[in-house]
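Trainee: sequence and predicted structure below; questions after.
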Amino acid sequence: VRDWELTSPEARYNTAARTVRARIPKGILYFEDKPSFIISAEHATVLNDGEIVVLEGTVRLKRLGVEPLLIQGDRLIWRPSLSTMVINQRPSALNRNSKIVSNSLTFQQESGQLFFNGVVKLSRWKQNYSSTFEPQTVITAGNGRWNLNSGIIAAVGPIVANQTNGRQITAASIQGNT
C-alpha cells in the first residue's frame with residue numbers, strides 16, 4: 001500500500017545524517033491506495049529517511065476529486081507515520097467559495113480533519129472565491145475544525161459574524177456544513 005511519493009529535479013542525500021534536501025519537490029498523497037492530494041513546495045528536507053518531512057516556500061496541498069480544496073502556507077511539518085501535517089506559517093484552506101486562515105493548521109490525513117488553532121477567520125463568498133471581491137460574510141472565532149469528508153465545520157467562541165449588509169451575529173460557538 002502506497003502512502004505517499006515525492007520527486008524532485010534536484011536532491012542531495014547525506015548518508016551520515018540520513019537527510020535528503022530537495023529543490024522544487026512535487027508529490028502525491030494516497031488514501032486507501034488512491035491518489036488524494038497533490039503536494040508541492042519550493043524546498044523539502046526529509047529527516048531520518050522519511051520520519052519527518054519539512055516543506056518550505058510556497059507549500060500547496062491540492063485535493064483531487066469532485067470537491068476541490070487547496071491547503072497552503074509557507075512551512076509544513078509532516079510526520080508520515082502519524083499521518084499528520086502542521087502548517088505553522090501563513091496557513092489557509094480554501095474551497096470553491098470559502099477561505100479559512102489561522103495561526104496554525106493541522107491536517108490529519110486518515111480522518112480527513114483540518115484543525116485550526118489561534119484566531120480563525122472564515123471568509124465566504126456567495127459565488128466563487130475571489131481575491132478581488134470582498135466576501136459576503138466574515139466570521140472570526142477561536143480554535144476550529146473542518147471535516148473534509150463530511151463538510152462539517154465547527155469553532156469555539158467568541159464568534160463574531162459580519163455580513164456586507166451590515167448585520168452582525170455573535171455566539172459562543174458555531175457549527176455548520178460547507
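Mentor: Ah, there it is.

Trainee: what are the bridge partners for Val138, then?
Mentor: Going by DSSP bridges, Val138 is paired in beta bridges with Ser123, Asn162.

Trainee: roughly how far apart are the most centrally placed residue in the chain and Gln89?
Mentor: Centroid check for the chain by C-alpha atoms, centre = their mean gives Ile71 as the closest residue, at 3.3 Å. Using C-beta to C-beta, to the nearest Å, Ile71 is found at 13 Å from Gln89. To be clear about C-beta, it is placed using only N, CA and C from the backbone, and glycine gets the same treatment.

Trainee: before we move on, what about Ala17?
Mentor: In terms of C-beta to C-beta, Ala17 sits 24 Å off from Gln89.

Trainee: go ahead and confirm the residue nearest to the centre of the chain touches Gly112.
Mentor: No - Ile71 lies out of contact with Gly112 (C-beta atoms under 8 Å); the separation is 11.7 Å.

Trainee: can you pull out the low-pLDDT segments for this structure?
Mentor: Where the chain drops to pLDDT under 70, the residues are 1.

Trainee: roughly how far is the helix or strand Glu5 falls within from the heart of the chain?
Mentor: Glu5 belongs to strand 4-7 when assigned by DSSP states H and E. Computed by C-alpha atoms, centre = their mean, to the nearest Å, the separation of strand 4-7 from the middle of its chain amounts to 18 Å.

Trainee: can you tell me what sits against that strand?
Mentor: Contacts with strand 4-7, where a contact means C-beta atoms under 8 Å, 6 or more residues apart in numbering, come from Ala22, Pro25, Lys26, Gly27, Ile28, Leu29, Tyr30, Ile39, Ala44, Val46, Val53, Pro80.
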